[in-house]
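K.L.:
with the sequence up front, the predicted model follows.
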Amino acid sequence: MSKTAYMRGLQVFISDIRACQNKEQEQRRVEKELAKIRAKFGEDKALSGYDRRKYIWKLLYIYMLGFDIDFGHKQACDLIPMPKYSDKQVGYMACSLLLQENDEFLRLAINAIHMDLTSRNEAFQALALSFVGNIGGAEMAEALTLDVLKLLTSGASRPLIKKRASLCLLRLLRKTPPDAPLLVSADTFSPTMGALLEERDLGLLLCSVTLLHGVVQRSGTSGYETCQGRVIKILERLVRERERIPPEYLYYGIPSPWLQARCLRALQLFPPPDSASERKTLHDVLQNIIAVTSSEAAKNANPNKANALNAILFEALALALHHAAAASAAVADSTSDKATLDSCLSLLGKYLAGKDANAKYLALDSLARLASAMPEVMQAARGYQDTVMASLKDPDVSIRRRALDLLFTMCDASSAPQVVSELLKYLVTADFGVREELVLKIAILAEKYAPSMQWYMDVVLQLLERSGDFVSDEIWHRAVQMVTNNPAMQEYAARNVAEALKRGAAHESMVCTAAYILGEYGRLIRAEVPPAEQFRLLFAAFPAASPPTKGLLMTALLKIYLLDPSNATLSREVRDLFERYKRFMDAELQQRATEYLALASNPAAASNYILPMPAWTIRESSLMKRLQGEEGTMGAADSAPSSSAADMPSTHASANPAPLLSVPMPSGPGAAPAATDLLSMDSDSIAAGSAPAAPPPSNGTATAPAALPPHKGPVDLLSDLFGDIVTTSSATTAAPQPPHTAALAAAATPVSAAPPTLSGGFASIPPAPAAVAGAPAAAVHGAYPGSAPAGFPAMLPPTTGLYPPVPFAAAAATNPFATNPFASPVQPQPPPPAVPAAVTQAAATFPAPNPSADPFGDSHFAVPPVARPTVTAPPPALVDLPRPVGDVDAWFSALILKERGILYEDQYLQVGLQFQYARGSGTVVLYLGNKHMAAQLTSVALVVAVPSPGVQVSIAPVPVVLEIKQQVQVPLTLVCLAAFTAAPVLSLSYAVGGAPALTGFQLRLPIAMHKFMTPEAHIPKEVFFDHWRHALPQCKAQEMVDRGASGPLSSESVQSLMRLLHLGVEHGYLDPSPHNEAGTAYWGCGPAEAQRTVICCCRVEGNPQNRAQFRVTVVSEQPELATAVHSLLVAQIRAAPASQ
């Protein structure tokens, strides 16, 4: 490194970087240097050692500045085998910074590292050990472990090498796969470990104890028992022989605090010593540390020294408590161990009530870890309950978390009401990062130690009201299970749920709970809350609910309607709801609405089939299993036999003697059959005597359907192009299956007759009577919304979708700006074509589609069931010509400002599109979907018909054939090469069943120059104004916009419009005027290695008198960019709806 100071080129480069005035100048200088280095490495002639080192040092400096380095790795690896130390030093340092442990380039260096480890040059050995100890991986562990062991056991190695070898060996042992045998066995390595612990050098001892700790953690203490006594001697030497410790190992007068803490932590892995002398020595050392260190830490004001003392002290406390727990388990409690335990607990309580945040955190953490294992610690911790509760209000979030853990651990049946009440108060002000965990623990405590069902229900309702967004499905599922299994609780629960809805509770979990309880037990409070009012309370939450919740609400509203079918107003509202959702694009809700409408048409018959829910089967609480999974403590409980822990009496010392979950389940002929677990309970916990799970039914088999797995696919990319009732594609999947599905599955039918199921995986309902059978037929599953019946807002994009509503205060006044000579009227766009009026309904229903097959959420592209083979009808000789189901130009205009949506669609084919842009480049994914129900699409071709000179478009191979209901993805790669005004045009062709249908249809790609911009809201002001002032006339586009009768536009709306064009905006940053907005972005063009960056600056000045007149100015070094952004922004400001 010493010669690095004389590298003139490196010095000049660093000086240039330091002289840069802003980030843009620095980036340009770095890119220039990277291009130069890349060119030098690519030349045929060999570089000298000096030049190679110089360029690698420059790459390292650029990497330290935060830039990505994607080349030079091989050149750095080539320096490692060099014979000179200066070359090796640069190579090792560069590889340790630029490469990861699994990088393929490291394979090139393994042999050179082996040569350095086996050489006699101590400097080479040190470099190699340091490198392997930093980034060594599994391959190095397999190849180099023996070499490192030889250095560690060699008598010729100095402490300098042995220290590095110890830590390097520890790294290699940790990177050895768990199933691979360790090259370090206790039989052969224990003597070496003992010899290392006999060294006098404290630095080597620290590395050796660290290695011992890692080895024992990996392979256990068997074979290393002799090392325990040597570690105790090291600890005794540090505590009792302070005056003999070298001064370089004294930290604020403390003898090597890191070594003391490491020794104490390593001893925690061993059981108490068998030798009485060693046990007495360790006891005396611990008493000395606890007494002396605690007194010094209490009176010391230096935070660094106090932290070191506390680190030693808390490790000593942990070791003392560990030995006390071992002695208690062995029933060999001695007076000394009891005294040590009492002094430790007293000291922890003292730190718990102190003001030192670090000490308080460590005290809370120690008590939380040991309370569940030691009754003495648990009893002592309960004495500090008030102090722990006060810690929930500590400013430090880590202390609040540990206090929550300790409070949860030490809670019992007697203290549960007080603890839960305090946690509910804390829930209102808790950080969002801890609320989900806090809600889960409150729910578990309420369920485990509930003194009464009323108290439990009150706690759950408070959770749902105060933090409904953080309440998981398991919590409200468990609540409705408890209500269902306790008849005396049902009326109380229904009344309180109705009161909560009246107070305005509208969280999703609260709505689900209310829908289930009011749907099942609203009849019990109909005198206090009439069915019409119950309907109103639930229906108020319907528009904002998610699709699974809407399905649950539909079931509840139908049941509430059956309580009072003679109410004309209620009947009309229920029918209107089901009528509207008969044409909903989601298959499940569509079928549910159709079937429920048929049932609502004959209330007398429907009441015989819509029956109350039966009691649930007792199973292990999913809440406790979830908490165990989060804490990483799930053990044998997961693999237990079918009788779960919840079926057995509680053995917890402080558990409620009459747990709420021990309510006996009904049995006999009237009992409900074992169905799918709708509350996410342990599906393996099947009651004794129940039949084993049946094999999956074939298509058409009359059995209750299983719950669908949770949908992990992308959301519906077309949801913003349809009407107000279009939702995400996850609508067809509700995981776990909510209780509303089982509400219909519980219909009482004769035992001998298996209840048939409705198609699509919905609730099981017996065949409808003749009066119901005459109702409208169910809609075809997966009916495409583009061909919806009349009244369905299918493909018409909402005009207000781009402009969020914002507050506005109007003030009419005259225009203070000058008349704009360049203003031009905006031509009105033709309206989109009308939506088709009707759609043919199929005579039979189909299975529910698989939404994961289509990222756009369209059920046309679901995979057909295997049990039902598809029979393709022979294609007709002639087919109807394709007709777009919407306005292609309108779709193109919408995608200019959006990142995903429909590009083209007819009765046979759908083409969806999704963008992802970076500066100067982009990726487009086209989704080609065959909508035809009986024929393939063949001869599919998609090529660039009219290229754009400024955009390079590369199309991946397009499948020639699209099977029935198949959807494929076709990636496109875009590179902006120069300014452009016309978008590239694609040519689309296909045939239907072999008959030509569409030939050479031209589709414009919705690509504009602003798509390749990256917003920059915090550009340096001097850079912005420098570009603004020095812009040439042809680089500036300006226009006055008078909205006239369109109304005013608020600042928030203007900011939203600018962000749509990828402009970074922050109100008041660049323009201090409250009526103006200014923003910038970086536009890039050219290949990545030689990309040109251009700044685009924009300013929108609003008339403060009426906010209906604006002056729009866009400045850019690229005139075409300024014109394009200006034109789009002016058009959006003219067309935007008035702010309210």
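P.N.:
Here it is on my side, so go on. Residues are numbered from 1 along each chain as shown.
K.L.:
following element in sequence after the helix of greatest length in the chain, please.
P.N.:
Secondary structure assigned by DSSP state H gives helix 303-329 as the longest helix of the chain. On the C-terminal side of helix 303-329, the closest following helix or strand by DSSP states H and E is helix 335-352.
K.L.:
what packs against that next one?
P.N.:
Here helix 335-352 touches helix 276-288, helix 303-329, helix 357-371, helix 375-382, helix 385-391, going by 3 or more CB pairs under 8 Å, 6 or more residues apart in numbering; DSSP states H and E. Backbone N, C-alpha and C define where each C-beta goes, glycine included.
K.L.:
got the angle between it and helix 276-288?
P.N.:
20 degrees (axes from the mean of the first three to the mean of the last three CA atoms, to 10 degrees).
K.L.:
what's in contact with helix 335-352?
P.N.:
Residues from elsewhere that reach helix 335-352 (CB atoms under 8 Å, 6 or more residues apart in numbering): 283, 286-287, 290, 294, 313, 317, 320-321, 323-324, 327, 359-360, 362-364, 366-367, 376-377, 380, 383-384, 387-388, 391.
K.L.:
again with stretch 1086-1098
P.N.:
24, 27, 35, 38, 919-921, 975-978, 1010, 1013, 1019, 1023-1024, 1027-1028, 1058, 1061, 1063, 1078-1085, 1112-1118, 1121-1122, 1125, 1129.
K.L.:
so for that stretch, what gets flagged as buried?
P.N.:
1093-1098 (16 or more other CB atoms under 10 Å).
K.L.:
do stretch 143-158 as well
P.N.:
Applying 16+ other CB under 10 Å to stretch 143-158 flags 143-145, 147-149, 151-153, 157 as buried.
K.L.:
just stretch 591-604 next, same as before
P.N.:
By 16+ other CB under 10 Å, the buried positions in stretch 591-604 come out as 591-603.
K.L.:
for residue 607, find the nearest of the helices and strands packed on helix 335-352.
P.N.:
helix 385-391 (51.6 Å; CB to CB).
K.L.:
keeping just the C-alphas, turn the closest one into PDB.
P.N.:
Taking C-alpha atoms only, helix 385-391 is exported to PDB below (Å, rounded to 0.1, in the frame of the first residue of the first chain):
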ATOM      1  CA  GLN A 385     -44.400  -6.400  36.600                       C
ATOM      2  CA  ASP A 386     -45.100  -2.700  37.100                       C
ATOM      3  CA  THR A 387     -41.600  -1.800  36.000                       C
ATOM      4  CA  VAL A 388     -41.900  -3.900  32.900                       C
ATOM      5  CA  MET A 389     -45.200  -2.300  32.000                       C
ATOM      6  CA  ALA A 390     -43.700   1.100  32.400                       C
ATOM      7  CA  SER A 391     -40.900   0.000  30.000                       C
END
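K.L.:
if we can go back for a sec, for the longest helix of the chain, list every residue counted as buried.
P.N.:
Judged by neighbour count using 16+ other CB under 10 Å, the buried positions of helix 303-329 are 305-306, 308-325, 327-328.
K.L.:
got phi/psi on residue 967?
P.N.:
Main-chain torsions, residue 967, degrees, to the nearest 10: phi -130, psi 130.
K.L.:
swap that for residue 106, sorry
P.N.:
Torsion angles at residue 106 (phi, psi; degrees, to the nearest 10) stand at phi -70, psi -20.
K.L.:
that one: neighbour count?
P.N.:
Using other CB atoms under 10 Å, residue 106 has 22 neighbouring residues.
K.L.:
got it, and residue 1035?
P.N.:
Residues contacting residue 1035 under the criterion other CB under 10 Å number 19.
K.L.:
could you check how far it is from residue 1077?
P.N.:
To residue 1077, residue 1035 is 20 Å away according to CB to CB, to the nearest Å.
K.L.:
again, but for residue 31
P.N.:
Remark: distance between residue 31 and residue 1077 (CB to CB) = 31 Å.
K.L.:
what of residue 305?
P.N.:
In terms of CB to CB, residue 305 sits 54 Å off from residue 1077.
K.L.:
with residue 88 instead?
P.N.:
As for residue 88, its distance to residue 1077 is 57 Å (criterion: CB to CB).
K.L.:
the two - which one has more neighbours?
P.N.:
Just comparing residue 88 and residue 1077: by other CB under 10 Å the higher neighbour count belongs to residue 1077, 26 against 22.
K.L.:
specify the beta-bridge partners of that one.
P.N.:
residue 1100 (DSSP bridges).
K.L.:
show me where pLDDT drops low in this protein?
P.N.:
Residues of the chain meeting the criterion pLDDT under 70: 1-6, 44, 298, 300, 327-337, 618-878, 1089, 1140.
K.L.:
hmm, try it at 50
P.N.:
For the chain, the stretches flagged by pLDDT under 50 are 1-2, 331-333, 633-877.
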